[in-house]
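>>> Next comes the sequence, and after it the predicted model I'd like to discuss.
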Amino acid sequence: MGETIDFPGPEQRLQLAAEKAYQAKEFLQAYRLYRELYTLEHTYAINQWLVECLQQLKEFSEALDTADDYLDDYLKDRDGFLQVGHLYVLDGQYLKAHRWLHLGHRQQVDTEMLQQLRFEIEKVEEVQQILGMEDHLAKKELLLNIDNLRQPVNYHSWQSLVQGMTSQQFIDLVRDLLPRMRNLYLIPKLVEELVRLDVHETFSVVDYMGETKTIDPSKLAVLPDMPVYQQIMARINDTIAQDDPILAESVIAEISDHLAISYPFLPPERQVNAWIDSYVADYRGENEQESQTKAKNSIQIRKERLRRILQETQF
């Protein structure tokens, strides 16, 4: 009998054809073949090839969208971490490059990789800092327009604002305008960006009660990492959710919205239980007016203010 010949399956044929096209620098054809292969083998390895082809085609935004399928894997992979960071820089998304760097710190990415990406960002920003100066007035006007809307900040408006903006340009703009900002959906986004950039200076900002306060972003964390936020969620999940899951879900939904628009001015840690109890009492229709403490009266006033802000928002 003759020898049995093993013919390559459809996946292997596509893989070989895609590799051949890539080696021949036929990147569009390679992308199409890898895209077809991706429908059969939805893996991180194939995703990397798709991203690489798109990078060669200078389709940086699409490459980043594609990488999003396996973002956790890119974060854990030395080469993948640098690849995504490099794409943010190539696409002019410098603040997102800093955000990716910040995420790498949190996930304890290799120090050498962090330093390499930081160096790349800094070198490109040095040049862009000069080239982008003429856009300053346009960016300032756009930020003021977003603030005047008093609405949640949509993705496209935010992208238009930060596209091509260096970290220093962003800091300078926010330093100038933050004291005048009144959009409680915008202020938290601006502050969180300052936190990710680890800015060591004080900023004036008006909180949701209309009071002017100062903040130091280097002493804050992004909302999910704020100790008070974590304590509130843990308390609800560990206690209320065990007895009444539906009530817990309702409380979490509302308090999450309130914390989002009040950030970075969250409840003090000593009042965590009082704040949660106040929401629970509202949902249960309990009247605690006679037994309320001064702290609880203050909480009720602040809750009513936050509810009014959300109710006045026109979606």
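Thanks, I have the structure now.
>>> next helix or strand past the helix or strand hosting residue 83?
If you go by DSSP states H and E, residue 83 is part of helix 78-90. Per DSSP H and E, the first helix or strand lying C-terminal to helix 78-90 is helix 94-106.
>>> quick one: the helix or strand following that next one to chain centroid distance?
Under the assignment DSSP H and E, the closest C-terminal helix or strand after helix 94-106 is helix 111-131. In terms of Cα atoms, centre = their mean, to the nearest Å, the centre of helix 111-131 is found 20 Å from the chain centre.
>>> List the contacts of helix 111-131.
78, 81-82, 85-86, 89, 92, 94, 97-98, 100-101, 104-105, 164, 166-169 (Cβ atoms under 8 Å, 6 or more residues apart in numbering). Where you see a C-beta, it was placed from the backbone N, CA and C, and this is true even at glycine.
>>> same thing but 10 Å
Residues outside helix 111-131 that contact it (Cβ atoms under 10 Å, 6 or more residues apart in numbering): 77-82, 84-86, 88-90, 92, 94, 97-98, 100-102, 104-105, 108-110, 132, 135, 164-169, 172.
>>> what is the orientation angle of that helix with helix 78-90?
10 degrees (axes from the mean of the first three to the mean of the last three Cα atoms, to 10 degrees).
>>> For helix 111-131, buried residues please.
By neighbour count on 16 or more other Cβ atoms under 10 Å, the buried set for helix 111-131 is 113, 114, 116, 117, 118, 120, 121, 124, 125, 128, 129.
>>> coming back round to it: same for the helix holding residue 83, what does it pack against?
Here helix 78-90 touches helix 44-56, helix 60-67, helix 71-76, helix 94-106, helix 111-131, going by 3 or more Cβ pairs under 10 Å, 6 or more residues apart in numbering; DSSP states H and E.
>>> could I get the first one in CSV with only the CA atoms?
Listed in CSV are the C-alpha atoms of helix 44-56, where the atom choice follows Å, rounded to 0.1, in the frame of the first residue of the first chain:
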residue,chain,number,x,y,z
TYR,A,44,-4.9,35.7,20.8
ALA,A,45,-2.1,34.5,18.4
ILE,A,46,-4.3,35.2,15.4
ASN,A,47,-5.5,38.5,16.9
GLN,A,48,-1.8,39.6,17.2
TRP,A,49,-1.3,39.0,13.5
LEU,A,50,-4.4,41.0,12.6
VAL,A,51,-3.2,43.8,14.7
GLU,A,52,0.3,43.6,13.1
CYS,A,53,-1.2,43.7,9.6
LEU,A,54,-3.4,46.7,10.5
GLN,A,55,-0.4,48.5,12.0
GLN,A,56,1.6,47.9,8.7
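>>> least trustworthy helix or strand in the protein by mean pLDDT?
The helix or strand of the chain with the poorest confidence is helix 294-312; it has a mean of 86 (mean pLDDT, DSSP states H and E).
>>> Of all the residues in that helix, which ones are buried?
So, applying 16+ other Cβ under 10 Å, buried residues of helix 294-312: 296, 299, 300, 302, 303, 306, 309.
>>> which SS class is residue 213?
What DSSP: H, G, I helix; E, B strand; the rest coil gives for residue 213 is strand.
>>> same check, this time on residue 205
Assignment for residue 205 (three-state DSSP): strand.
>>> Distance-wise, check it relative to residue 214.
Using Cβ to Cβ, to the nearest Å, residue 205 is found at 8 Å from residue 214.
>>> what's the answer for residue 150, then?
The value you get for residue 150 to residue 214, if Cβ to Cβ is used, is 23 Å.
>>> Of these two, give the one with the bigger neighbour count.
Counted by other Cβ atoms under 10 Å, residue 150 and residue 214 do not tie: residue 150 has more neighbours, with 15 against 9.
>>> What sits closest to that one if chain neighbours are left out?
residue 183 (5.2 Å; Cβ to Cβ, 6 or more residues apart in numbering).
>>> can I see the domain layout of this structure?
Split into domains by automatic domain parsing, the chain comes to 10-91, 133-220, 224-312.
>>> So what's the residue count around residue 137?
When counting by other Cβ under 10 Å, one arrives at 9 neighbours for residue 137.
>>> Can you dump the C-alpha atoms of the one helix or strand it maps to in CSV for me?
Using DSSP H and E, residue 137 maps to helix 136-149. Extracted in CSV, the C-alpha atoms of helix 136-149 (Å, rounded to 0.1, in the frame of the first residue of the first chain):
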residue,chain,number,x,y,z
HIS,A,136,-4.8,75.1,22.1
LEU,A,137,-7.6,77.6,21.4
ALA,A,138,-9.7,75.1,19.5
LYS,A,139,-9.3,72.5,22.3
LYS,A,140,-10.2,75.2,24.9
GLU,A,141,-13.3,76.1,23.1
LEU,A,142,-14.3,72.5,22.7
LEU,A,143,-13.9,71.8,26.4
LEU,A,144,-16.0,74.8,27.3
ASN,A,145,-18.7,73.7,24.9
ILE,A,146,-18.8,70.2,26.5
ASP,A,147,-19.0,71.8,29.9
ASN,A,148,-21.9,74.1,28.9
LEU,A,149,-24.0,71.1,27.7
